[in-house]
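In: below is the structure, and that's it, no one-letter string:
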């Protein structure tokens, strides 16, 4: 690609590239400090501080999918990507005998699998709320922007789930960031 164009070409994680798009074309135009979360096949993200994308020493700043949700010796220990990824929702739908493209491709979730989607929204919302709380403590961001490879109504339901789950975490000494849906996708 570099030989074909007269602009610099760089490699970036997919979620970091999505974070850059949100910074330059979305909420980043009015928000200079945010954690960006993209819920796709797997969940990941990026960090923007002072209007600049933070890559980190190894380029993994904001790679939240690897965030632990419990101690490794616990039977129910998981990483964020195991709980809040679209992959986990698709797997649950397949266990119910549904094609995930069919179930998630429409504007409305089909009634026979609505309980599966609601259960995922609750689990994913709680895990992401823990991530938001951690980000507030570590980064002191203004906002957390969540985008996803989900239909718009389901993305909004996920954002609402995260917002409602925030009340289950202690905020002593912290200022809760705004949690909102991304604009770019």
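Out: Good, I have the coordinates. No experiment lies behind these values; they were computed from the predicted model shown.
In: find the least confident helix or strand in this protein, judged by mean pLDDT.
Out: Sorting the helices and strands of the chain by mean pLDDT, DSSP states H and E puts helix 100-104 at the bottom, at a mean of 78.
In: point out where the protein drops to low pLDDT.
Out: 106-107 (pLDDT under 70).
In: centroid-nearest residue for this protein?
Out: residue 37 (3.1 Å; Cα atoms, centre = their mean).
In: surely that one touches residue 146?
Out: Yes. Between residue 37 and residue 146 a contact is recorded at 4.7 Å, counting by Cβ atoms under 8 Å. Quick note: C-beta positions are derived from backbone N, CA and C, even for glycine.
In: residue 122: neighbouring residues, count only.
Out: Using other Cβ atoms under 10 Å, residue 122 has 13 neighbouring residues.
In: distance of it from residue 84?
Out: According to Cβ to Cβ, to the nearest Å, residue 122 stands 11 Å off from residue 84.
In: how about residue 124?
Out: 4 Å.
In: next, show the common contact partners of these two.
Out: Common neighbours of residue 124 and residue 84, using Cβ atoms under 8 Å, 6 or more residues apart in numbering, are residue 39.
In: who are the contact partners of residue 162?
Out: Here residue 162 is in contact with 125, 128-129, 132, 144, 146, 179 (Cβ under 8 Å, 6+ apart).
In: what does residue 133 give?
Out: Counting by Cβ under 8 Å, 6+ apart, residue 133 has contacts 166, 169, 171, 174.
In: if we go to 7 Å?
Out: residue 169 (Cβ atoms under 7 Å, 6 or more residues apart in numbering).
In: what's the offset of the longest helix belonging to the chain from the middle of its chain?
Out: With secondary structure taken from DSSP state H, the chain has its longest helix at helix 114-139. Centre-to-centre, helix 114-139 and its host chain are 9 Å apart (Cα atoms, centre = their mean, to the nearest Å).
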